[in-house]
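Enquirer: Quick one: sequence plus predicted model below, questions after.
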Amino acid sequence: MDIGNEQVIRVLIAKPGLDGHDRGAKVVARALRDAGMEVIYTGLRQTPAMVAEAALQEDIDVVGLSILSGAHLALVPRIMQELKEREIADIPVFLGGIVPKEDIAVLRDMGVAGVFGPGTETRAIIADIREAAVARRKASR
């Protein structure tokens, strides 16, 4: 979908694992939508394969993961592998949730584009997602 000369950014918001708390994911999804992005929310308890398949089927520009359970070091590598297997590993992946500072570098080494903790302003999330989506589109030309 195009708005003027700018293609709408499509973002998948996913809640992988058994974490049942999705308030933050819904707040971010609404902020992204209000910023003009198209948001697909997968709902709770998604497997890594389900997240990657949704990203493929929905032709996503950016994947946003919300993990509050502490399982990020187990789930993120599996999601990245599933994206790779579907040949969409170039999709930027962002993570929001409770992440110890020492895990941020590990997640970045796995390919996570950004990590947003509690209290991150939605303006910052919007800006980072927009920047990552535009960079991916430029790289694919």
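Expert: Done, it's in. Residues are numbered from 1 along each chain as shown.

Enquirer: wait, what's in contact with V62?
Expert: I9, R10, V11, L12, I91, P92, V93, F94, I129, A132, A133, R136 (Cβ atoms under 8 Å, 6 or more residues apart in numbering). Every residue, glycine included, has its C-beta placed from N, CA and C.

Enquirer: Mind giving me the packing neighbours of the longest helix anywhere in the chain?
Expert: Criterion DSSP state H: the longest helix present in the chain is helix 122-140. In terms of contacts (3 or more Cβ pairs under 8 Å, 6 or more residues apart in numbering; DSSP states H and E), helix 122-140 is packed against helix 23-34, strand 62-67, strand 93-97, strand 112-116.

Enquirer: ok, back up a step: which one among the contacts of V62 gets closest to L75?
Expert: V93 (11.1 Å; Cβ to Cβ).

Enquirer: pretty sure that closest one is touching V115, no?
Expert: No: contact criterion Cβ atoms under 8 Å: V93 and V115 do not qualify, at 10.2 Å.

Enquirer: Deepest in the core, which of the helices and strands packed on helix 122-140 is it.
Expert: Counting by mean count of other Cβ atoms under 10 Å, strand 62-67 has the highest mean neighbour count of the helices and strands packed on helix 122-140, with a mean of 26.
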